[in-house]
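# Dropping the sequence and predicted coords here.
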Amino acid sequence: MRAGLFASGLITCLVIEACTTSSAAPKGELAADQTLHVAIPAEVTLDPAQIASDLEYSIGQNLFSGLFRFDEQLREKPDLAAAMPEVSSDGLVYTIKLRTDAQFWDGRPLTAQDVVYSWNRADDENGAFASIFGPVLGYQEVQASLNNGSSPPPLSGLTAPDAHTVVIRLSAPAGYLTATLAMPVAWPVNQADVDLYGRSWANGPNTAVGTGPFRLTSRTLGRSMTLVPVEHWWGGATGWLKKVTIDVVPDTNTEVRGYLAGRFDLVGLGGYGPNADGTILGEMLAADRARASEVHSFPFVRTDWIGFDLKSGPLAGADGASGRRALSLAIDRMQLARAVCAGGILCVPATGGLISKGLDGYLGDGSDPMSAFDPKAARADLQQWDPDGTKRQKLTYVYVANGLFRQVADNLRDQWKANLGITVQLQGYDTYAFIYDRLFGDYTLFRGSWAADYNSPQDWYDTFLGSPDPNGSGYADPSFAALVSRADASLGAVAEGQYRQAGRALVDQAVIAPLFYFTRTAAVKDYVDGFGASAFYVYPLKDVKILQH
């Protein structure tokens, strides 16, 4: 069934920057009832300090705003900020002016002190993405206090000299800083609400007060919530929708059947996961070809690759490069995608290096020779690497033993056998054992993966630095580390050029063998106009309208 989905025409949108369903939607008048009915697979937190998933981001961005945002092409723009920051010549001081008309939905004006409070609170909460404040002066002192159980001090590098100015002082230049400040963890909240209602403040319709174009009017945890537009929103028009109902439906079969029956207009708001969910969606909708136009896939922020032990063993160092190339060139990534990607619902073949298509730092289609399928060159590299046939006897591929990644491992083994004539052993681990052992480079061949937290190559390339090596390969090239460090401290075109050189270094040295880029897939009724996504986020609901149907 999965292979057949490629030919069925289910996937209607896969481009580099961004796309919406508008071009595929029928033209017509607006429906009288502008209510959007959405199903989600799990309960979500709406507290910006704790938001950790794409689903939570997709909902939360409608209730809250950041100082900065990304447009449909992932160019960073001011939002609550009046302009992009002024940066000192040494790169250590960022001065941000806030809009004077920004306010919470209950009418209270947004102030610089709200921002300072919110960022200190998020740092103290130590949620999944509190580390974005790492470059700010005082971050290490906060972490030390949290580690020893004492009350953390405020970030010393964060001040509000007046009601509409935020000043950030850094411990070292970090040119990627504003990209991180567009993340949910940096969305401002109102201290009065948090102090009054405690940890449950984001659960209630009257207590979850944000600066976004929508607000909560009802919520039953674990079951449903309702959003409506904010009257007189400071940002201007809130769009066409009058109400958004969101039901929590944990079972994917039930979720998709509800969609097919007309109960929901949209499923897959945060994208379908890498296990069974995407396959269920594809197979159920493939049974009704008339619904093919309703399935939309967008580039996403995650890449899977084959990692190599570069410290020791048969594939290590420069002597192992021909072996690494042989293993990569022997993989037909289109055939792999047909086998495991559910017709593009879950993933597409990698063609341009480590960083996923659609993000800053993507090297371009066909730019990674390691992603080519060339069995003849692969066999030549194999012979150069292992002329007497002894090294190939020591290869074991290690992976997380769940559905998708087991299928990937089986396919890789079969392709290596067919295209190279070698037998690679497979070893499936549970997630925690895999991650722990990989940190110390115990695997000759292993599954590698990264999902970006924000749109900067720094978030990718820093995964190849540090001790223990978070990538697990033991890659240690001083010139690569120096190049990334210079790029991290630079801005604009200078940083872009240096990051690109770093990406080319990984390709030229055959450090990894990228396999596929993940996609975000949703099923959207044809009468829902304006739903779409970039590689990094689903567009806000104020872009959506319901057409007559």
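Happy to help now that I have it. Numbering: from 1, shown residues only.

# So which bits of stretch 42-49 are buried?
For stretch 42-49, burial by neighbour count (16 or more other C-beta atoms under 10 Å) applies to 44, 45, 46, 47, 48, 49. C-beta here means a position set from N, CA and C on the backbone, and glycine is covered the same way.

# Among these, which are located in helices?
Among those, none falls in helices (DSSP state H).

# Those residues into a markdown table, with extra columns for pLDDT?
A markdown table is the format used below for those (pLDDT from 0 to 100):
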| residue | pLDDT |
| --- | --- |
| 44 | 94 |
| 45 | 95 |
| 46 | 96 |
| 47 | 96 |
| 48 | 96 |
| 49 | 95 |
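
# Of these, which is the nearest to residue 123?
Residue 123 has its nearest neighbour among the buried residues of stretch 42-49 in residue 49, at 8.6 Å by C-beta to C-beta.

# Surely the closest one is in contact with residue 127?
Yes - if you go by C-beta atoms under 8 Å, residue 49 and residue 127 touch, sitting 5.1 Å apart.

# Give the intersection of the neighbour lists for those two.
Counting by C-beta atoms under 8 Å, 6 or more residues apart in numbering, the residues touching both residue 49 and residue 127 are residue 185.

# before we move on, the earlier item: let's have the buried residues of stretch 42-49 in a markdown table, adding distance to residue 339.
Formatted as a markdown table, those follow (distance: C-beta to C-beta, whole Å):
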| residue | distance to residue 339 |
| --- | --- |
| 44 | 32 |
| 45 | 36 |
| 46 | 38 |
| 47 | 40 |
| 48 | 39 |
| 49 | 41 |
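
# In strands, which of these fall?
Residues of the buried residues of stretch 42-49 located in strands (DSSP state E): none.

# which among those gets closest to residue 166?
Nearest member of these to residue 166, counting by C-beta to C-beta, is residue 48, at 16.1 Å.

# Now the closest one. Nearest residue, chain neighbours left out?
Counting by C-beta to C-beta, 6 or more residues apart in numbering, residue 187 is the residue found nearest to residue 48 once chain neighbours are left out, at 4.0 Å.

# next one: residue 353
residue 363 (3.9 Å).

# so the one you found sits right up against residue 508, yeah?
No - using C-beta under 8 Å, residue 363 makes no contact with residue 508, being 11.3 Å away.

# SS state for the residue sitting nearest the centre point of the chain?
Nearest to the mean C-alpha position of the chain, by C-alpha atoms, centre = their mean, lies residue 301 at 3.9 Å. Following DSSP: H, G, I helix; E, B strand; the rest coil, the label given to residue 301 is strand.

# Give me the distance between it and residue 359.
6 Å (C-beta to C-beta, to the nearest Å).

# if I look at the two, which residues touch both of them?
Jointly contacting residue 301 and residue 359 under the rule C-beta under 8 Å, 6+ apart are 452, 535, 536.

# could you say which helix or strand contains the last one?
Residue 536 belongs to no helix or strand when elements are defined using DSSP states H and E.

# mind listing the helices for the stretch 51-200 of the chain?
Using DSSP state H, counting those that start in this stretch, the helices found in the stretch 51-200 of the chain span residues 54-60, 112-125, 139-148, 177-180, 191-197.

# show me where pLDDT drops low in this protein?
Low-confidence segments of the chain (pLDDT under 70): 1-28, 272-289, 436, 438-441, 466-470.

# how's it carved up into domains?
Annotated domains of the chain cover 16-46+199-294+522-546, 61-192, 299-519 [automatic domain parsing].

# Any chance of those domains in CSV with distance to residue 54 as columns?
Listed next are these as CSV, based on distance: least, C-beta to C-beta, whole Å:
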stretch, distance to residue 54
domain 16-46+199-294+522-546, 4
domain 61-192, 10
domain 299-519, 8
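
# Of all the ones you listed, which one is nearest residue 55?
domain 16-46+199-294+522-546 (2.9 Å).

# quick one: secondary structure of the residue lying farthest from the centre of the chain?
Most distant from the centre of the chain: residue 388, at 43.8 Å, with distances by C-alpha atoms, centre = their mean. Here residue 388 is recorded as coil under three-state DSSP.

# Just give the number of residues close to the residue lying closest to residue 29 once chain neighbours are set aside.
Once flanking residues are discounted, residue 29 sits nearest to residue 548: 5.0 Å by C-beta to C-beta, 6+ apart. Using other C-beta atoms under 10 Å, the number of residues around residue 548 comes to 11.

# Next, residue 548: phi, psi?
Residue 548 has phi and psi values of phi -60, psi 140 when expressed as degrees, to the nearest 10.

# any chance you could map the strands in the stretch 51-200 of the chain?
Ranges of strands in the stretch 51-200 of the chain, per DSSP state E, counting those that start in this stretch, are 68-70, 76-78, 86-87, 93-97, 158-162, 165-169.
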